[in-house]
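Engineer: whatever this is, show me its structure:
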Amino acid sequence: MLGKAAARLAVLLVACGLLLPASGADWPMWRHDAGRTAVSPEALPPQLHLQWVRQWAPPAPAWPASQTKLQFDASYEPVVLGKRLFVASMASDRVTACDTETGKELWRFYADGPVRFAPVAWKDKVAFASDDGHLYCLDAASGECVWKFRGGPYDRRILGNDRLISTWPARGAPVLSNGRIYFAAGIWPFMGTFIHAVDAETGAVLWTNSGSGSIYILQQHGSPAFAGVAPQGYLAVAGDTLLVSGGRTVPAAYDCRTGEFLYYHVSSRAIGKDAGGYEVFVGKEFFFNGGAMYRLNDGAPLMPTGAVLPTDEHLLGFDGAKTVGYAYRPVFEEYTDSKGTKRPRGRLAAAWKGEPDVPLRRLFIKAGNRIYAEGPDGLIAALDLPARDGRIPVSWQGRVEGDVWNMLAADGKLFVVTREGRLYCFGPREGDAVTHGCARAPLAATSDRWVGQVERLLEETDLAQGCCLVLGIGSGRLIEELVRRSGLHVIAVDPDAEKVAAVRRSMDA
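Structural biologist: A predicted model of the protein is given here:
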């Protein structure tokens, strides 16, 4: 009862250089780099052993599972810088730093809303965006706030996902490139969307594009209208082009230097009616989104593709039971459609194919010359490239409990996240693994006037579910009894940072 109740508490606090390239041992952003390639030069040890496991709170995504293109926060997305691993929480509204060797918590920082996307880390800092509408920059060693920047035009709040969030939540995930952090706020074009570039060291705004949410363009239904990209997903950088994921639509492109809008081809059905998604990654002169390939210089849709890893040499993906390395250059052939019209159809030519020694169903990352993949029943495996005589040898296997959500390679270790919210660390050291749980301490039993007052309040209002706004924390006892005795989502607002911190920690795991 307490675990479920505590998960319903959200406390809102009303107050308040140059980028160094990541070392081979870091995984400082979602899918490793600004191009979101999921490819690292670091080769992990050939044999890995389970080091530790950490259970996080059950994921609380913004959208239901039926919205497949918007499952950006279906589970956790850590990043690693040096010996620190940073995890954003959409369930607890915080970013937590852990020691990569032991899995022990080093510090935690609470925002005023869910943190749904992977942070970005560089040098001695870590930055992240929140549903409270802000981009935060923290000191990576201490977790102290260095600066924060509001993405929307006003600090106006609205109920969203059982939280009091910004009317313009920051759901365009931050990306770092050339001394700048790019991110986006606002998810409803008619209310305004804001694409920003800020200085990574100071948080000073370099440019803002606030006009591309109301452009007159051809829509998916075949007629023009005033609308634009609704940023929900990861941003990516390719040269001077910034790609902004549109969630349920294809990405839009902007000039990294000036913020000028470049293109947004929401109406094209060249690759089918189901284009779009929160993921975007770059390979050479192409970008990939929602299982399709697009030309980077003008956004032209080219073809559906199952490629998921853009290496320097090939695009890696699955073709049935085989792992395939595709050539980057598309091959186009002419075909006649059902109406007798001749049309071009593209495909990627396979440079090589190889069948793994074990059944696999999804590739996640490439580290050194190995790719790491998921098989059935929690199987994870390392495959040695290149293919030899039509086979790809599996050099290592491990297992996790649950369905794999993502992987990353950093600090000589393989980190595996499951959909159930567990984080596994595999490394070279043999020995017993340590498990870190997320059990919440029970609230202390107390008999005072608040017990009777809350009981009468709930009886008179006949409310057991919904949201409850508490203005002022006071002793905290009103909040405790509401959490203990109801199914209400309790939102407390208070200008006292110390009180807010105390309540958050008492209610969080």
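
Engineer: contacts, neighbours, all on C-alpha from now
Structural biologist: OK.

Engineer: the spatially closest residue to Val470 that is not a sequence neighbour - how many residues pack around it?
Structural biologist: Distances taken as CA to CA, 6 or more residues apart in numbering place Ala492 nearest to Val470, at 4.6 Å, with adjacent residues excluded. Applying other CA atoms under 10 Å, we find 21 residues neighbouring Ala492.

Engineer: ok, the helix or strand containing Ala492: who's next to it in the sheet?
Structural biologist: According to DSSP states H and E, Ala492 maps onto strand 487-494. The pairing partners recorded for strand 487-494 under DSSP bridges are strand 10-13 (parallel), strand 465-471 (parallel).

Engineer: state the mean pLDDT of the shortest one.
Structural biologist: Taken as a whole, strand 10-13 has a mean pLDDT of 44.

Engineer: quick one: Ser506 is in a helix?
Structural biologist: Yes - the assignment for Ser506 by DSSP: H, G, I helix; E, B strand; the rest coil puts it in a helix.

Engineer: report pLDDT for it.
Structural biologist: On the pLDDT scale, Ser506 gets 85.

Engineer: what's it in contact with, if anything?
Structural biologist: Counting by CA atoms under 8 Å, 6 or more residues apart in numbering, Ser506 touches Ala441.

Engineer: also Trp63?
Structural biologist: If you count contacts by CA under 8 Å, 6+ apart, then Trp63 has 70-71 around it.

Engineer: related to what we said a few turns ago, beta-bridge partners for the residue nearest to Val470, please?
Structural biologist: Here Ala492 sits in beta bridges with Val11, Val470, going by DSSP bridges.

Engineer: my guess is it meets Ile473, correct?
Structural biologist: Yes - shown here, Ala492 and Ile473 form a contact pair, counting by CA atoms under 8 Å, at 6.5 Å.

Engineer: how much space between the residue nearest to Val470 and Ser166?
Structural biologist: 15 Å (CA to CA, to the nearest Å).

Engineer: now Val500
Structural biologist: To Ser166, Val500 is 18 Å away according to CA to CA.

Engineer: more neighbours: the two, which one.
Structural biologist: Ser166 (26 against 21).

Engineer: just checking, the more buried one touches Pro153?
Structural biologist: No - Ser166 is beyond contact range of Pro153, at 10.3 Å (criterion: CA under 8 Å).

Engineer: what are the ranges of the strands in the stretch 401-509 of the chain?
Structural biologist: Taking DSSP state E, counting those that start in this stretch to define them, one finds strands in the stretch 401-509 of the chain at 404-410, 413-418, 422-427, 434-436, 465-471, 487-494.

Engineer: now swap in the stretch 251-400 of the chain and tell me
Structural biologist: Going by DSSP E, counting those that start in this stretch, the stretch 251-400 of the chain shows strands at 261-263, 281-283, 286-289, 292-295, 301-304, 307-310, 315-319, 322-336, 342-356, 362-367, 370-374, 379-384, 391-392, 394-399.

Engineer: what comes into contact with the third one?
Structural biologist: Outside of strand 286-289, the residues that reach it under the criterion CA under 8 Å, 6+ apart are 250-251, 275-282, 293-296.

Engineer: pLDDT on stretch 203-213, on average?
Structural biologist: Stretch 203-213 comes out at a mean pLDDT of 95.

Engineer: end to end on it, go ahead and measure it.
Structural biologist: Termini of stretch 203-213 sit 24 Å apart (CA to CA).

Engineer: same check on stretch 79-88?
Structural biologist: Note: stretch 79-88 ends 9 Å apart using CA to CA.

Engineer: can you check stretch 457-467 too?
Structural biologist: End-to-end distance of stretch 457-467 (CA to CA): 14 Å.

Engineer: what would the strands of the stretch 251-400 of the chain look like in TSV with mean neighbour count, distance to Ser177 and mean pLDDT?
Structural biologist: As requested, those are exported to TSV (neighbours: other CA atoms under 10 Å; distance: least, CA to CA, whole Å; pLDDT from 0 to 100):
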stretch	mean neighbour count	distance to Ser177	mean pLDDT
strand 261-263	16	18	96
strand 281-283	23	14	97
strand 286-289	24	17	96
strand 292-295	20	21	94
strand 301-304	20	25	91
strand 307-310	24	19	94
strand 315-319	21	23	91
strand 322-336	16	24	88
strand 342-356	16	30	87
strand 362-367	22	21	97
strand 370-374	22	26	97
strand 379-384	22	30	96
strand 391-392	19	35	92
strand 394-399	16	34	96
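
Engineer: kindly reformat these as TSV containing distance to Arg116.
Structural biologist: Listed next are the strands of the stretch 251-400 of the chain as TSV, based on distance: least, CA to CA, whole Å:
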stretch	distance to Arg116
strand 261-263	26
strand 281-283	19
strand 286-289	19
strand 292-295	24
strand 301-304	28
strand 307-310	22
strand 315-319	27
strand 322-336	31
strand 342-356	34
strand 362-367	20
strand 370-374	24
strand 379-384	25
strand 391-392	36
strand 394-399	27
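
Engineer: which among those is found nearest to Ala236?
Structural biologist: Nearest to Ala236, of all the strands of the stretch 251-400 of the chain, is strand 281-283, at 6.5 Å by CA to CA.

Engineer: so what are the sheet partners of the closest one and their directions?
Structural biologist: Strand 281-283 pairs in its sheet with strand 286-289 (antiparallel), by DSSP bridges.

Engineer: distance between the partner strand and the chain's centre?
Structural biologist: Chain-centre distance of strand 286-289: 18 Å, with CA atoms, centre = their mean, to the nearest Å.

Engineer: what about the lengthiest helix in the chain, distance to the chain center?
Structural biologist: The residue-count maximum for a helix in the chain (DSSP state H) belongs to helix 449-461. Mean-position distance between helix 449-461 and its chain equals 40 Å (CA atoms, centre = their mean).
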